[in-house]
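1. Compute the structure for the input listed below.
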Amino acid sequence: MSGRIGKESNPEREANPQRPSLALPVRFTIPVVVFLLLFSFAVRASSQQADSAPDPTLPDAPQAQAESRTSPQPSSDAPSAPASSNGSIHGVIVDHDGAVYEGVHITLIQTAIAAPAKTATSDSNGRFQFTGVPPGPFQLTVTSEGFATKVIQGLLHPGENFEAPAIVLAFATATSEVQVTASQVEVAQAQLKDEEQQRVFGVIPNFYVVYAPNAPPLNPRQKFHLAWRSSIDPVTFLAAGFFAGIEQATNEFPGYGQGAQGYAKRFGANYGDSFISTMIGSAILPSLLKQDPRYFYKGTGTIKSRILYAIANSVICKGDNGKWQANYSGLLGNLAGGGISNLYYPASDRNGVSLTFENLGLGIAGSAAQNLFQEFLVRKLTPKLPSYSHSNP
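-> Prediction:
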């Protein structure tokens, strides 16, 4: 036992007397704790500042807000519809008879949005089309030279293929008046061609009869054409030869004599009477006096009314204005024909004024008889007539 009392021995320390101790002196412990606290506060403050830094990718970032203020924004006045909601507008341009019009201009205006106007032109089938049209109210303006402008309103629903009702164009007022005159001439010319095909039994000319109701009047050129066409028809020459043969056989107008020379004179006198009467009474005077030389077939009413109508038409006729009037052209034409015939009939058969009025009377009687045949018989004997519905003139 050792004689030291109050202090224990430490074998490990004694075995390694130079190993330093891990315990810090008291004077160093407080500064270290303070430093650690300050460092902790510094790290926390730095972390909070980093957390509060703005993210440029977020819309609230100052930079993003600045960019949003400077970048153009879509107008709220003209919202654009999605492409899938667009539709189309199409239709056809026609006239009153249903015939299509090509080359008509169509303008599309959308009245609810500030969109530019679109234009289209009708094709050979009269059709037009607008595609990719946003929904909403619209206006179509249809224009073409010589026609009145037409405006059509409509409403296009989202995704709709709008088929506009057939758009009927009307002539402009001034052009319409010109077209009416031209149309009358064209209709009269077409009917004149039909009349030139009218032949009793398919042979005898029946050119001066009108079967079409409310037929337009002939112009002077058409009147001369019809008179000339009738005068040079082969049947006209045959008729003159036939009557000359009868006169030759009965020795009428003996001043002409007999034989070939007498027949030729009679033939010339018959053809001359027909030619002069037709040209003066059916072409020259009708053109000057504005009268129609044709017979207008009645075809309706009682038999008595039709008989009176046919007989009256030997002394009355239709004027170019469509009104009935005295047939000055026919009456004066017969008088002129009778007067001119005194130049080539034998002197012993002229009889001056009496022959002239005799020819006038024969002309009126012959016209009345011919009209009666026309009214009741000739139409049934004339093949290939155009089909017309008849009404009282």
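
2. What are the buried residues along stretch 122-133?
-> Under the neighbour-count criterion of 16 or more other C-beta atoms under 10 Å, stretch 122-133 has 122, 126, 128, 130, 133 buried. C-betas here are computed from N, CA, C, even on glycine.

3. which residues are in contact with it?
-> 83, 86-94, 100-104, 106, 108, 110, 118, 120-121, 156 (C-beta atoms under 8 Å, 6 or more residues apart in numbering).

4. Residue ranges in the chain under the pLDDT threshold?
-> 1-84, 173-183, 350-356, 359, 386-393 (pLDDT under 70).

5. Nearest the middle, which residue of it would you pick?
-> Nearest to the mean C-alpha position of the chain, by C-alpha atoms, centre = their mean, lies residue 95 at 3.7 Å.

6. do you know how far that one is from residue 126?
-> If you measure residue 95 against residue 126 using C-beta to C-beta, to the nearest Å, the figure is 9 Å.

7. what sits in contact with each of those two?
-> By C-beta under 8 Å, 6+ apart, the residues touching both residue 95 and residue 126 are residue 101.

8. Just give the closest residue to the residue nearest to the centre of the chain, not the sequence neighbours.
-> Excluding the flanking residues, the one nearest residue 95 by C-beta to C-beta, 6 or more residues apart in numbering is residue 169, at 6.1 Å.

9. any idea how far the one you found lies from residue 152?
-> For residue 169 relative to residue 152 (C-beta to C-beta), the value is 12 Å.

10. next one: residue 104
-> 13 Å.

11. higher neighbour count, these two?
-> residue 104 (23 against 15; other C-beta atoms under 10 Å).

12. ok, the closest residue to residue 118 other than its chain neighbours - how many residues close by?
-> Distances taken as C-beta to C-beta, 6+ apart put residue 108 closest to residue 118, at 4.3 Å, once the chain neighbours are dropped. Residues within reach of residue 108, counting by other C-beta under 10 Å, total 20.

13. and the strand or helix carrying residue 108, which residues are buried?
-> With secondary structure defined by DSSP states H and E, residue 108 is part of strand 105-110. Residues 105, 106, 108, 110 are the ones in strand 105-110 that count as buried (16+ other C-beta under 10 Å).

14. helix or strand right after it?
-> Counting by DSSP H and E, what follows strand 105-110 is strand 118-121.

15. thinking again about what came up before, tell me the one among the buried residues of stretch 122-133 nearest to residue 321.
-> For these, the minimum distance to residue 321 (C-beta to C-beta) is 37.8 Å, reached by residue 126.

16. and the closest residue to that closest one other than its chain neighbours, how far is that from residue 148?
-> The shortest distance from residue 126 to any non-neighbouring residue, by C-beta to C-beta, 6+ apart, is to residue 100 (2.8 Å). The gap separating residue 100 from residue 148 is 18 Å, by C-beta to C-beta.
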